[in-house]
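>>> What follows is a predicted protein model with its sequence.
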Amino acid sequence: MAAYKSRVLYEKFKHHLRPMSHYAMGHLPTWGRLVTKLHVGALGNLFTQTPGLRHVVRAMAGVDQRRPMPKFRKGASARKDAAREIARREPQGKPVAIWADSFSDAFEGNQLLGLVATLISAGYAPRMIEQDACCGLTWITTGQLDGAKAHLRKALDVLYPIAKAGTPIVGMEPSCMAVWRSDAGELLEGDERVAEVAHATHTGRTAGQDRRMQLRPVGPHDRRPAALPPVAWCSVGLPTRSCWNAPAPRWSPAVAAGWPATSVWRRAITR
């Protein structure tokens, strides 16, 4: 049904002016990158967090007024912070590439730092993919399929050489990872790079279940980083971050950070 809706929106608004929400939410990765590159997250939060102003922003973006708005990062992007952490720790092991999706990269949260800690504890030498690579999900969901194809091709230019070299690619957002296994193949029919990238990509959750990744459980003698909040094991979604309603796996970022595996992250993280 999601694919049908996307196609209907594409045909309906082809060569026509779209609703404001399509430009606000559909182009959200672009706005997020712009905010982090200009370091104007505090200004962005002024509009999305201030009573009155945030109601206007929600209305323009087509977001339910009951939904809390996510906060932009006030400094550099999350991938830059993660890259600095990797450089500081100088990990040794099997190489693995971390793909920062647009949401994890631009909004507040410790997801990427938690993922870095998990991979290093599991004996990997992670590196951040520094180039912009967007799966085009927000363009797909708003029916802007031409824009989605352009973003997917650009992302393939970045991710395919990594996948072809046999390096696993791990990301945080399951919906972004899922694009390579569904929408990308349909939108870029005939592009053989899609299957290669789909085969190489993992979320933190599926990486622990994939024999090729061979993530070992975090043991009591492993070096643990400073405690991270439960948001480290949450999936970033808009307009909230929602957590899995299940015990955190022992190889998850939350557990690697020292949180008990028996804990259940039920509530939506709205900070």
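Cool, got the structure. Numbering: from 1, shown residues only.
>>> For V96, identify the helix or strand it belongs to.
strand 94-99 (DSSP states H and E).
>>> now that strand: mean pLDDT?
The predicted model assigns strand 94-99 a mean pLDDT of 94.
>>> can you check stretch 152-171 too?
Per-residue scores along stretch 152-171 average to 95.
>>> Give me the contact list for that stretch.
95-101, 115, 119, 126, 129, 131-136, 177, 179, 184, 187-188, 191, 193-194, 196-197, 199-204, 207, 210, 212-213 (Cβ atoms under 8 Å, 6 or more residues apart in numbering). Quick note: C-beta positions are derived from backbone N, CA and C, even for glycine.
>>> Check the gap between H22 and A155 for me.
21 Å (Cβ to Cβ, to the nearest Å).
>>> of these two, who's got more company?
Each of H22 and A155 has its neighbours counted (other Cβ atoms under 10 Å); A155 has more, 24 against 20.
>>> Would you state the strands of the stretch 1-150 of the chain in chain order?
Along the stretch 1-150 of the chain, the stretches classed as strands by DSSP state E, counting those that start in this stretch are 94-99, 124-128.
>>> a markdown table for these, including mean neighbour count and distance to H55?
Output for those, formatted as a markdown table (neighbours: other Cβ atoms under 10 Å; distance: least, Cβ to Cβ, whole Å):
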| stretch | mean neighbour count | distance to H55 |
| --- | --- | --- |
| strand 94-99 | 20 | 34 |
| strand 124-128 | 21 | 36 |
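>>> K149: which of the ones you listed is closest?
Ranking the strands of the stretch 1-150 of the chain by proximity to K149 (Cβ to Cβ) places strand 94-99 first, at 19.0 Å.
>>> Would you pull up how far the closest one lies from the middle of the chain?
Centroid separation for strand 94-99 versus its chain: 15 Å, with Cα atoms, centre = their mean, to the nearest Å.
>>> That strand versus strand 124-128: what angle between them?
30 degrees (axes from the mean of the first three to the mean of the last three Cα atoms, to 10 degrees).
>>> can you pull the alpha-carbon coordinates of strand 94-99 into PDB?
C-alpha atoms of strand 94-99 as PDB (Å, rounded to 0.1, in the frame of the first residue of the first chain):
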ATOM      1  CA  LYS A  94      38.000  -6.300  10.800                       C
ATOM      2  CA  PRO A  95      36.900  -3.100   8.900                       C
ATOM      3  CA  VAL A  96      33.300  -2.100   8.900                       C
ATOM      4  CA  ALA A  97      31.700   1.100   7.500                       C
ATOM      5  CA  ILE A  98      29.100   3.100   9.400                       C
ATOM      6  CA  TRP A  99      26.500   4.800   7.300                       C
END
